[in-house]
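**Q** the amino acid sequence is not available; the structure is as follows:
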């Protein structure tokens, strides 16, 4: 509105207050990319990255890893053309024996993984098909809205644990022996502590599980979910369609050239969707399992930096601006 | 002003032409018809007849929203943005199983963003509301029956109320003037708030009501006013007043408009006719056109592009998903048995894979929604508000003298400042201060005054002469008296008595002291006298007379009193002249005269006017100094000064008596051509004059204007001056502010040539117009040829065009040619242009060249131009607030434009641009990771990140760094921005080509 005259404000000045901030005069620094600066940055980055890469690669090399794909080999010869029928047939003998040699000494703990390929644990339907509430507490047994079609039995009794994930629980088993002596497999403490303590209730017991349509492993209904570590591991869905999950730990050292015999109960159906199954034995080092990627990446980046540094030096010497 | 003492000035004598009886003219027959249906029962608003009419109250609301309309209206505003509609649809869909995210995490960002924007609206509206409350609760005296007046809030005023407004108060509504404290019921009104004009306007009540000077007179006052319906026209009014069964015509002469101010008058009585929204000022206030910056428009395009990518990505994903889903179940055999494709919902049904794919498409649209930056708009708004705070806070744009900092009124054009390539500027008040200084005079053929004008200074500077230093020193000494910059010891301090033509000098100065319509105001504390004049020129003359020893100190009804220096005794004597007639100044007459009788009894006609009309009125024996005076006038004009010729004549009694009779008769006639008649008679007596000399007044340039224009030119910004002044003045100023330079070739397109004048006088108007147009076209083509053929060595061109030619040049078939020529010229000056033409030129430049235009002006006549331009900058100077009110950014001085454009414009443009780039970068980078993950999750629509991480990513995790960049980033410091104005040019033209993402 015009008319709100300034007479009232005359006494106080409208002069803006001075501060370096309000006048946008704060000291500022702007990087100017001079050749010297660029080259030395590249050299420094290169010199730091290459050794880190080498160390990581070396650490990865010390890890001993044995991978044995058994999904093909564990089908008897006469079922090779009809694997799906073999695996679905309850009468067939699913046992299968695999042997392999330890290439280097493996210090305990030796981790046992099973590795599946082409299994979409990250499919939206699959990921959502679980009830965290039901898993957590006994009183939420009826919380099965998200679990369809594995929410309830035909008699409308809620399934615990419900949902596709639990239903399709991996059910191959492995028995290990070296030189005729059984190796003890520790299956405790293979799941995350937080999952065990908070997400899976100690008062929740399996109920109506794997009744009717059987997908995967059944659970002992007298053990609470928080103790069912295989289930807990399985329920933490993998991000990619190729994944490893921890099966157990061997707490003995294995010597080089030891021959390990594994008796596999080959129950799990990966044949329908042309997935593979492998058994993995691996030790760890400070960078985790065997993984060359980190080391290779560091070395590559460091190498590129050094290469650029040298190129720029040459350019600078030959054709300075 | 003490008590009820009434000033008894005979102002009708001063304002010979504008006062007088009014007559029923043609328009008055319309009263009562359609469009003229308003009936006002004066002093009786409670009566039955009045209450039937039910006119709105005087409550005004300038807020955008009310409590009730806020939510629907503000939400509607928000969802006019395409992106917001998209997010709204996403939020609604998120309650269905389609959604890849949980509903809360999807709705929350939308709520935050919309909430923030609406919060801003509330804040802005609250400010308006507070202003409304203040205005509505102002108090005014209203007649409350029994002849008593009492204070009432403005909001409670009703149509028909009789109000009493006192000196320096604003009128609370549109009033009909009934009477004033002056005998003749006149009053002075300042309309600065309405039209920006500073001079006082004279209003006069009808004779029928003019005698009610006391409150008690209104006890039984009853009248009915019939008038036109509310409309926006400030300068017309048609109505009639019915008083005691007598009809009296009402004209704009009786209309007092809301928001104008009563001046120099103790009080007035008026009847309220239009209230609140019906008042002319509110009818006039249209919301400012909403302007969007180019960057924002570009940004919309990028968002549409991203939508395209989004749809494409979703489409690809849906195809893959559909294929994978269909294959899950073939011939009753399940492939991925763990998904139970045999017992599933429509979303994953292999038997109806096509439906599943379509549903998945919707899911994917939501999933990849992170490509569209939801918080972009709100972040930009926050950044722009912070940027405008920096603009408002800038000390370098604070003007000490008027205590005015820069004010960014609309924040959404900040970055546009960095892209301006044409500035269209007003002259008076913008380039110049609009304060006149008496600087030189020529008396009896001798030129006095050693002051150096801005133009001379500019020329000297260009030639590199040492004149400058001495000038600046000199300037510091004085400048104590506003409007007076005269320095000459020959006539200062009374030494003129020793000059050869002392008698002429005496008459000259006396004329300056008497021949005017200014009013003196004596400061009671120190006895100093200041003057209230209609124009700054006139004030400069009276001040000059005072400083040179002829102090005009009192104006009574019939006399003017002056302290004079007596040349014989050398002492100050009081002399008073009885004022007989004032023949006013008008643009057609180009002169004004007064007729006075001196104490000795001689009758004098004192006259001043433009050289074009004055020289032809000189008597044979009055041309003694004609040659020298003409020479001086030309010199003054070259120095950029405005000149006036002063002349006088002694009248004999008989001649005067005859004149006075005729003149009075003409004045009191009721015919429509009353004014022409009076002019004709005045013309008869203003002849056979004796030349005294000439005055020269400088229209001072504002500080730093030439430097600023230089700098802007360096930055590649063109300046067009659009002024209402005449061509000579405009060219003078052009030189003064280094817009025109020696060595520039001027292309002058004018319709003021002798042949065009003869054309105009011819009978056939259309033929004359066609011929004039042909002549303008011819001149334009010649200019264009000059432009095409010109090589650098001949120097740049300057185009100067006058208003009449401009009318033809702006016609559809010619305007392209005109524009081509104008763009090719280094400087363009349009003189004698009307406000409408200013706006038209602005529109032409804006639309035809698709360049960013900035209009700068200070007066009401610039409003059209300011609103038409991409950016309107108002000068909050001497003239009213109208320009500032309709501007986007207000600054106090023209020179601040340099910093506004080169520093803030540059920074804001860069900041906003890089901020938008940053925004798209972060969102595209994020959105694509979601897409890439889908490739590994058989496009099932599973997001790779946690819901809450996703929803907080945009509104929380990544918004602050971007905002910080948008507010604080500086590529170069202010000093370098100003020093090397060239980056200003390179930003808009080079970077976009290099970086396709750059939203410019």
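**A** Sure, I can see it. All figures in this text were calculated on a predicted structure; none of them were measured in a lab.

**Q** burial count for the nearest residue in space to residue B:186 that is not next to it in sequence?
**A** Distances taken as CB to CB, 6 or more residues apart in numbering or on different chains put residue B:204 closest to residue B:186, at 4.5 Å, once the chain neighbours are dropped. C-betas here are computed from N, CA, C, even on glycine. Counted with other CB atoms under 10 Å in any protein chain shown, residues neighbouring residue B:204 total 24.

**Q** residue B:204 against residue B:182, yeah?
**A** No: Residue B:204 is beyond contact range of residue B:182, at 9.0 Å (criterion: CB atoms under 8 Å).

**Q** picking that back up, just the pLDDT for the residue nearest to residue B:186.
**A** Model confidence at residue B:204, expressed as pLDDT, equals 82.

**Q** need phi/psi at it.
**A** In terms of degrees, to the nearest 10, the main-chain angles of residue B:204 are phi -140, psi 140.

**Q** who's in contact with it?
**A** B:19, B:177, B:184-187, B:253-254 (CB atoms under 8 Å, 6 or more residues apart in numbering or on different chains).

**Q** and if you look at residue A:234?
**A** By CB under 8 Å, 6+ apart, the contact list for residue A:234 reads A:165-166, A:169-170, A:245.

**Q** residue B:148: which of these is nearest?
**A** Proximity of the contacts of residue A:234 to residue B:148 (CB to CB) peaks at residue A:165, which lies at 88.9 Å.

**Q** what's the neighbour count on the residue in the stretch 201-321 of chain A positioned nearest to chain B?
**A** Among all residues of the stretch 201-321 of chain A, residue A:273 sits closest to chain B, at 4.8 Å; criterion: CB to the nearest CB. Look at residue A:273: counted by other CB under 10 Å, it has 19 neighbours.

**Q** close to chain B: what parts of chain A are there?
**A** A:1-4, A:10, A:13-18, A:22-25, A:28, A:30, A:84, A:119-120, A:122-127, A:148-150, A:164, A:167-168, A:215, A:239-241, A:269, A:272-273 (CB under 8 Å from any CB of the partner chain).

**Q** returning to what we had before: farthest-apart pair in the contacts of residue A:234, please.
**A** Taking CB to CB as the measure, the contacts of residue A:234 have their most distant pair in A:166 and A:245, spaced 14.2 Å apart.

**Q** these two: who's more crowded?
**A** Neighbour count, other CB under 10 Å: between residue A:166 and residue A:245, residue A:166 has more, with 29 against 17.

**Q** and the next helix or strand past the helix or strand containing residue A:39?
**A** Using DSSP states H and E, residue A:39 sits within helix A:35-62. Later in the chain than helix A:35-62, the nearest helix or strand by DSSP H and E is strand A:65-69.

**Q** give the buried residues for the next helix or strand after that following strand.
**A** Next in sequence after strand A:65-69, counting helices and strands by DSSP H and E, comes helix A:83-88. For helix A:83-88, the neighbour count (16 or more other CB atoms under 10 Å in any protein chain shown) marks A:83, A:86-87 as buried.

**Q** using CSV, lay out those residues together with pLDDT.
**A** Below are those laid out as CSV (pLDDT from 0 to 100):
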residue, pLDDT
A:83, 87
A:86, 89
A:87, 88
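
**Q** and those as CSV, adding distance to residue B:371?
**A** What follows is the buried residues of helix A:83-88, written out as CSV (distance: CB to CB, whole Å):
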residue, distance to residue B:371
A:83, 43
A:86, 47
A:87, 43
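
**Q** nearest to chain B among the residues you listed?
**A** Within the buried residues of helix A:83-88, the smallest distance to chain B is 10.6 Å, found for residue A:87 (CB to the nearest CB).

**Q** ok, the closest one - contacts?
**A** With contacts defined as CB under 8 Å, 6+ apart, the neighbours of residue A:87 are A:94, A:266-269, A:271.

**Q** returning to that earlier point: give me the subset of the contacts of residue A:234 that lies in helices.
**A** A:165-166 (DSSP state H).

**Q** what's the closest of the contacts of residue A:234 to chain B?
**A** Chain B has its nearest neighbour among those in residue A:165, at 8.3 Å by CB to the nearest CB.

**Q** what's the nearest residue to the closest one if we skip its chain neighbours?
**A** What sits nearest to residue A:165 in space, not counting adjacent residues and going by CB to CB, 6+ apart, is residue A:130, at 5.0 Å.

**Q** quick check: the one you found vs chain B, distance?
**A** If you measure residue A:130 against chain B using CB to the nearest CB, to the nearest Å, the figure is 13 Å.

**Q** pretty sure that residue is in contact with residue A:166, am I right?
**A** Yes: between residue A:130 and residue A:166 there is a contact under CB under 8 Å: 6.9 Å.

**Q** now render the contacts of residue A:234 as a markdown table, adding pLDDT.
**A** Shown next, in a markdown table, are the contacts of residue A:234 (pLDDT from 0 to 100):
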| residue | pLDDT |
| --- | --- |
| A:165 | 93 |
| A:166 | 92 |
| A:169 | 94 |
| A:170 | 94 |
| A:245 | 95 |
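
**Q** hey, where'd the helices end up in the stretch 201-350 of chain B?
**A** Along the stretch 201-350 of chain B, counting by DSSP state H, counting those that start in this stretch, helices occupy B:280-284, B:294-327.

**Q** would JSON lines of those with mean neighbour count, distance to chain A and mean pLDDT be doable?
**A** Shown next, in JSON lines, are the helices of the stretch 201-350 of chain B (neighbours: other CB atoms under 10 Å in any protein chain shown; distance: least, CB to the nearest CB, whole Å; pLDDT from 0 to 100):
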{"stretch": "helix B:280-284", "mean neighbour count": "19", "distance to chain A": "8", "mean pLDDT": "76"}
{"stretch": "helix B:294-327", "mean neighbour count": "18", "distance to chain A": "9", "mean pLDDT": "90"}
